[in-house]
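# Curious how this folds, go ahead:
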Amino acid sequence: MTLPEQAQNNRVWHVAGLVCGVLAILSSFVVPSGVVGYLVAIAIAATAVLIGHASVRRRGAFRAAAITGLVLAYLGLIVSVGLLVVRLTRMFTS
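Numbering: from 1, shown residues only. The predicted model follows:
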């Protein structure tokens, strides 16, 4: 694989990392509330984190987009886990 082909492949990875990060944030708002919904949002955010880490490791011009996507994916994961903890705490204390 030549260098321009590799850079083009990395650009796709970087954009995919950004899109996955945005989807992780959107899943917190779109998925219905409840334990199952929060578990689905956690699964989406965890997948976005894995794809984000894979895309950040690759060099290229759009690496900043991949880093942004990774930050968004972690934010979505933290929000989803926090909402799940609050819901489970309310379920088991009442």
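# Ranking helices and strands of this protein by mean pLDDT, which lands last?
Least confident element among the helices and strands of the chain, by mean pLDDT, DSSP states H and E: helix 3-30 (a mean of 86).
# For residue 13, which non-adjacent residue is spatially closest?
By the measure of CB to CB, 6 or more residues apart in numbering, the closest residue to residue 13 outside its immediate chain neighbours is residue 55, 4.2 Å from it. In this view, the C-beta of every residue, glycine as well, is placed from N, C-alpha and C.
# Quick check: the one you found touching residue 16?
Yes. At 6.2 Å, residue 55 counts as touching residue 16 under the criterion of CB atoms under 8 Å.
# Give me the more crowded residue out of the two.
The residue with more neighbours, out of residue 55 and residue 16 and counting by other CB atoms under 10 Å, is residue 55; that gives 27 against 18.
# coming back round to it: after the least confident helix or strand of the chain, next one along is what?
Per DSSP states H and E, the first helix or strand lying C-terminal to helix 3-30 is helix 35-56.
# quick check: angle from that next one to helix 3-30?
Orientation note: helix 35-56 sits at an angle of 160 degrees relative to helix 3-30 (axes from the mean of the first three to the mean of the last three CA atoms, to 10 degrees).
# which helix is the longest one in the chain?
With residue count as the measure and DSSP state H as the assignment, the chain has helix 63-93 as its longest helix.
# So which elements touch it?
Secondary-structure packing of helix 63-93 (3 or more CB pairs under 8 Å, 6 or more residues apart in numbering; DSSP states H and E): helix 3-30, helix 35-56.
# between those, which one is nearest to residue 76?
Comparing the helices and strands packed on helix 63-93 against residue 76 with CB to CB, the closest turns out to be helix 3-30 (3.3 Å).
# Tell me which other helices or strands the closest one touches.
Taking 3+ CB pairs under 8 Å, 6+ apart as the contact cut, helix 3-30 packs with helix 35-56, helix 63-93.
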